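Engineer: Sequence first, then the predicted structure:
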Amino acid sequence: MAALAQGPGDADATPMPADAVEVGRVMGAWGIKGGIRVKPFAADPQALFGTKRWFLRPPDGPRPLGAKAPPFPGLLRIVSAKEHGDGVVATAQELTDRDAAEALRGAAVFVSRASFPTPDEGEFYWVDLIGLQVHNRAGLVLGEVIGLIETGPHCVLRIQPPVAANEEVLIPFVEAYVDKVELPERRITVDWDFEATA
């Protein structure tokens, strides 16, 4: 991912790292001392806890004008972060009051992929699976992983077939169907019958 430039007038022009991954979104202020509430994109928000440097991209749409609109920080240096309900609450050096925290509502939160905790054996981060080529046991290319769906008990791979006219294929990401994931080879082998049609 290319570094995202900050807009003019941003207080912190720290460049976003080249391996930045979007991991959540600011939902609003938490408390009166500048805390924020973040909705993580993963059921397990460990990526947010693996670093004290959260990079921000402003929300879409115009920002409020006036004296109460503080400069948008491109980087938050996290003082504390913990799980709270179905999200994460955090405090940062750059946020000293509720107005500053509330001004970040809707902002996208990014962290460096290098800061992610090492997953356990047989576990993978979604971001590492997207873009991998999926083959079945017969060697047929089924397509490329374009996303995942969280269903509760397990995830489902969204596969875009090589023939654009074909519909997306959904394959449960469970041992019964997934033989192996080879990240260095950017390949997933599955037990799945599918023939691309023109």
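Structural biologist: Yes, it's here.

Engineer: what comes up buried for stretch 97-116?
Structural biologist: Neighbour counts over stretch 97-116 (16 or more other CB atoms under 10 Å) mark 98, 100-104, 107-113, 115-116 as buried. No exception for glycine: its C-beta is placed from N, CA and C like everyone else's.

Engineer: no, scratch that, I was asking about stretch 154-174
Structural biologist: Buried residues in stretch 154-174, defined by neighbour count with 16+ other CB under 10 Å: 155, 156, 157, 158, 159, 160, 161, 166, 169, 171, 172, 173.

Engineer: ends of that stretch, how far apart?
Structural biologist: End-to-end distance for stretch 154-174: 7 Å, by CA to CA, to the nearest Å.

Engineer: One more: stretch 107-122?
Structural biologist: Using CA to CA, the span of stretch 107-122 from its first residue to its last is 32 Å.

Engineer: sorry, back to before: so which of the buried residues of stretch 154-174 belong to strands?
Structural biologist: Among the buried residues of stretch 154-174, the subset assigned to strands under DSSP state E consists of 155, 156, 157, 158, 159, 160, 169, 171, 172.

Engineer: Next, work out how far apart the spatially most central residue of the chain and residue 57 are.
Structural biologist: Nearest to the mean C-alpha position of the chain, counting by CA atoms, centre = their mean, stands residue 23 at 3.1 Å. Look at residue 23 and residue 57: by CB to CB, to the nearest Å, they are 12 Å apart.

Engineer: Now list whatever residues contact both of the two.
Structural biologist: Residues touching both residue 23 and residue 57 (CB atoms under 8 Å, 6 or more residues apart in numbering): residue 110.

Engineer: Quick check: residue 79 touching residue 95?
Structural biologist: No. Under the criterion of CB atoms under 8 Å, residue 79 is not in contact with residue 95, lying 9.2 Å apart.

Engineer: Present the buried residues of stretch 154-174 as a markdown table; the columns should include distance to residue 28 and pLDDT.
Structural biologist: Putting the buried residues of stretch 154-174 into a markdown table (distance: CB to CB, whole Å; pLDDT from 0 to 100) gives the following:
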| residue | distance to residue 28 | pLDDT |
| --- | --- | --- |
| 155 | 28 | 86 |
| 156 | 31 | 91 |
| 157 | 33 | 93 |
| 158 | 30 | 93 |
| 159 | 36 | 94 |
| 160 | 35 | 92 |
| 161 | 40 | 91 |
| 166 | 41 | 77 |
| 169 | 38 | 91 |
| 171 | 37 | 94 |
| 172 | 35 | 94 |
| 173 | 32 | 92 |
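
Engineer: Show me the two of the residues you listed that sit farthest apart.
Structural biologist: 155 and 166 (21.7 Å; CB to CB).

Engineer: This structure - how does it break down into domains?
Structural biologist: If you go by automatic domain parsing, the domain ranges for the chain are 20-115, 126-190.

Engineer: picking up where we left off before, just give me the closest of the ones in strands among the buried residues of stretch 154-174 to residue 129.
Structural biologist: Of all those, residue 129 sits closest to residue 157, with 7.1 Å by CB to CB.

Engineer: pretty sure the closest one is touching residue 173, no?
Structural biologist: Yes. Applying CB under 8 Å, one finds residue 157 in contact with residue 173, separated by 5.3 Å.
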